[in-house]
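Q: need coordinates for the following:
(chains A and B)
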Number of protein chains: 2
Amino acid sequence: MSELSHTPEPPYYAVIFTSRRAEQHEGYGEMADRMVELAGEQPGFLGIESVREGAVGITVSYWSSLEAIDGWRKHTEHREAQRIGRDAWYDEYSVRVARVQRARSFERVED
Amino acid sequence: MSELSHTPEPPYYAVIFTSRRAEQHEGYGEMADRMVELAGEQPGFLGIESVREGAVGITVSYWSSLEAIDGWRKHTEHREAQRIGRDAWYDEYSVRVARVQRARSFERVED
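A: Coordinates of the predicted model:
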C-alpha cells in the first residue's frame, strides 16, 4: 500500500495497529490484503494507511465513529483473522483507538 | 526503528505523521534519526514508532498532553526539520493529533 488517506475535517477516529510479526507467517500477506479490502467496504470507513519494514508494521485506519470501529472489530471474517494473528502471525501487537481532533496536510505544488 | 512502544493506560495523545517522500531526499535519514532522538528528550514524551516502506512512512509518537505536543511542534530544531521537509524531502504529508481513549496489547508467551 503506498497512498496516503485523504480524510474529512476532524473529529473522526483512528485505529492505530502496530505489530511485530513472527518469523513464521505463512498466509499473512494474502490475509493482510484481504483485510484492507474488507475494511474499505465497512460502513463508516474513511481510509487506511499501512506500512511494514521488516518485522514491524503500522496500520492506521480512519473511521467516522466508535460504532463503525466496533462493527469492524466484530466482523466475522476479521475476527477469524485476529484469531490467526494471535495464534500464528504476531509476536506482539497493540491496538489503540483514538479520536482525531486536529489535522493538517501538506502537498507539494510543482512549479 | 524496530520496537513497539509500551505506553501507559489511556488517556494520552498520539501524533500520527504519514508521509510520501520525494525522490530526492539527501540528508533525510540522519535528520529523521536525530528527530526521533530529540523527541525522546522532550517533556511528556511516552514513545515513538516509525516505519518506512519505499516512499511511504508512518511515524506515531505518544505524548502525555496536548501541551507536550505543542512544545515539541515548536522546538527550534524540529521547526527547522519541518521547514526542510516541506522544501525538499516530502511530496506530501499529514499530521493528525488524536486522543487515545482505548488500548489493548498482545504479546506471545513462549511455551
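Q: CA atoms of stretch A:74-81 as CSV?
A: Extracted in CSV, the C-alpha atoms of stretch A:74-81 (Å, rounded to 0.1, in the frame of the first residue of the first chain):
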residue,chain,number,x,y,z
LYS,A,74,-16.7,-7.7,15.4
HIS,A,75,-16.9,-8.6,11.7
THR,A,76,-16.8,-12.4,11.4
GLU,A,77,-14.0,-12.6,8.8
HIS,A,78,-12.0,-10.0,10.7
ARG,A,79,-12.4,-11.9,14.0
GLU,A,80,-11.0,-15.0,12.3
ALA,A,81,-8.0,-13.0,11.1
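Q: distance from it to the middle of the chain?
A: 14 Å (Cα atoms, centre = their mean, to the nearest Å).
Q: where in chain A is pLDDT low?
A: By pLDDT under 70, the low-scoring segments of chain A are A:1-2, A:111.
Q: does whichever residue of chain A sits closest to chain B count as helix, strand or coil?
A: Residue nearest to chain B within chain A: A:Ala98 (3.6 Å; Cβ to the nearest Cβ). In short, each C-beta sits where N, CA and C put it, glycine included. Here A:Ala98 takes the strand state, with states given by DSSP: H, G, I helix; E, B strand; the rest coil.
Q: and if you look at the one 4 residues further on?
A: In terms of secondary structure, A:Arg102 is strand; the call rests on three-state DSSP.
Q: what's around it, how many residues?
A: As a burial measure, A:Arg102 scores 13 neighbours (other Cβ atoms under 10 Å in any protein chain shown).
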